[in-house]
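Engineer: Sharing a model that was predicted from the sequence below.
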Amino acid sequence: MNQVDELERAILSRAERLATEFRDRASRSRDSILREAAERLRLREAREESTAKALAERSFRQQVQASELKLQTHLDQMRWNLVQEVEQLLTERMHTFMTDVPVYQAWLERLIVNATTLIEASELTIAVNAADQHQLAARWKELTTALPEGKTATLVTEALNTLGGALIASADQRIRVNQTFEGRLARLRPRIQQTILERLLPGGFDTGSLFTG
């Protein structure tokens with residue numbers, strides 16, 4: 001075998017080794033590229049899934065909040081209607097109560113006498129509506145006699161715009177006890193509203209559990 005043949009075989013052998021090395025290197029590079037591409041794809045899918053989940057959750061929250069708002073508006077309207085209905089019933093009962101003149105008149109006089117004990121003034125004024133003015137004027141002596149010791153009262157000549165009851169005040173008008181029907185109803189209204197709300201929602205209006213767990 002001459003040197004030329006040996007050199008040729010050596011070159012071929014070297015070429016085969018290089019080809020194998022390049023093939024192996026290319027295979028490793030391909031695998032690395034595929035792994036990186038798969039990881040990028042996984043991360044992209046994870047981001048898209050996370051974004052879709054966030055959008056779905058936000059949409060759900062918005063729907064729940066819209067439903068809550070709609071329900072709250074409906075409940076507020078229902079509560080308002082019920083309060084108005086209760087107040088109308090109270091007004092009707094007051095009208096019925098006032099038709100029994102002796103009973104109503106005795107109640108009104110007790111209301112006035114009790115109110116005078118709450119005012120730390122000796123001279124008082126009493127204001128009532130036009131119908132009650134006539135009744136009180138006819139019994140004024142009996143009424144003033146029933147006042148606490150040291151108290152005097154004047155019946156206001158200007159009729160009060162009220163369904164019934166009386167407005168008792170010190171002579172200087174600095175201290176007032178509003179025992180008119182409207183005044184008593186205004187003080188009672190928060191209790192009426194609270195009672196109605198408790199009946200509508202015994203457990204309270206709470207949807208926070210939808211977002212916790």
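Structural biologist: Structure's in. What do you need? Please read all numbers here as calculations on a predicted model, not as lab measurements. Numbering: from 1, shown residues only.
Engineer: can I see the domain layout of this protein?
Structural biologist: 1-73, 100-199 (automatic domain parsing).
Engineer: how about those, which one is nearest residue 81?
Structural biologist: Of all the domains of the chain, domain 100-199 sits nearest to residue 81, with 9.7 Å by C-beta to C-beta. Every residue, glycine included, has its C-beta placed from N, CA and C.
Engineer: That closest one spans what distance, first to last residue?
Structural biologist: From its first residue to its last, domain 100-199 covers 33 Å (C-alpha to C-alpha, to the nearest Å).
Engineer: Ok, stretch 114-134 next?
Structural biologist: 21 Å.
Engineer: how about it: buried residues?
Structural biologist: Using 16 or more other C-beta atoms under 10 Å as the test for burial, stretch 114-134 gives 115, 116, 119, 124, 125, 126, 127, 128, 129, 132, 133.
Engineer: Least reliable of the domains of the chain by average pLDDT, please.
Structural biologist: For the domains of the chain, the weakest mean pLDDT is recorded on domain 1-73, namely a mean of 77.
Engineer: Now do the strands in this protein.
Structural biologist: Here the chain has its strands, by DSSP state E, at 123-127, 152-155, 165-170, 176-180.
Engineer: Generate TSV for these, with distance to residue 59 as supplementary columns.
Structural biologist: Shown next, in TSV, are these (distance: least, C-beta to C-beta, whole Å):
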stretch	distance to residue 59
strand 123-127	60
strand 152-155	68
strand 165-170	55
strand 176-180	52
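Engineer: Those: which one's closest to residue 40?
Structural biologist: Closest to residue 40 of the strands of the chain is strand 176-180 (C-beta to C-beta; 77.1 Å).
Engineer: and the angle from the closest one to strand 165-170?
Structural biologist: Between strand 176-180 and strand 165-170, the angle comes out at 170 degrees (axes from the mean of the first three to the mean of the last three C-alpha atoms, to 10 degrees).
Engineer: Could you list every helix and strand in contact with strand 176-180?
Structural biologist: Here strand 176-180 touches helix 101-116, strand 165-170, going by 3 or more C-beta pairs under 8 Å, 6 or more residues apart in numbering; DSSP states H and E.
Engineer: Any buried residues in the longest one, and which?
Structural biologist: Spelled out, that is helix 101-116. Buried positions in helix 101-116, judged by neighbour count with 16+ other C-beta under 10 Å: 104, 105, 108, 109, 111, 112, 113, 115, 116.
Engineer: Longest helix in this protein, by number of residues?
Structural biologist: Across the chain, the longest stretch assigned as helix under DSSP state H is helix 3-99.
Engineer: thinking again about what came up before, would you turn the buried residues of stretch 114-134 into TSV with distance to residue 191?
Structural biologist: Shown next, in TSV, are the buried residues of stretch 114-134 (distance: C-beta to C-beta, whole Å):
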residue	distance to residue 191
115	20
116	25
119	24
124	28
125	29
126	27
127	26
128	25
129	25
132	26
133	31
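Engineer: Return the closest of those with respect to residue 154.
Structural biologist: Once C-beta to C-beta is applied, the member of these that ends up nearest residue 154 is residue 125, at 5.2 Å.
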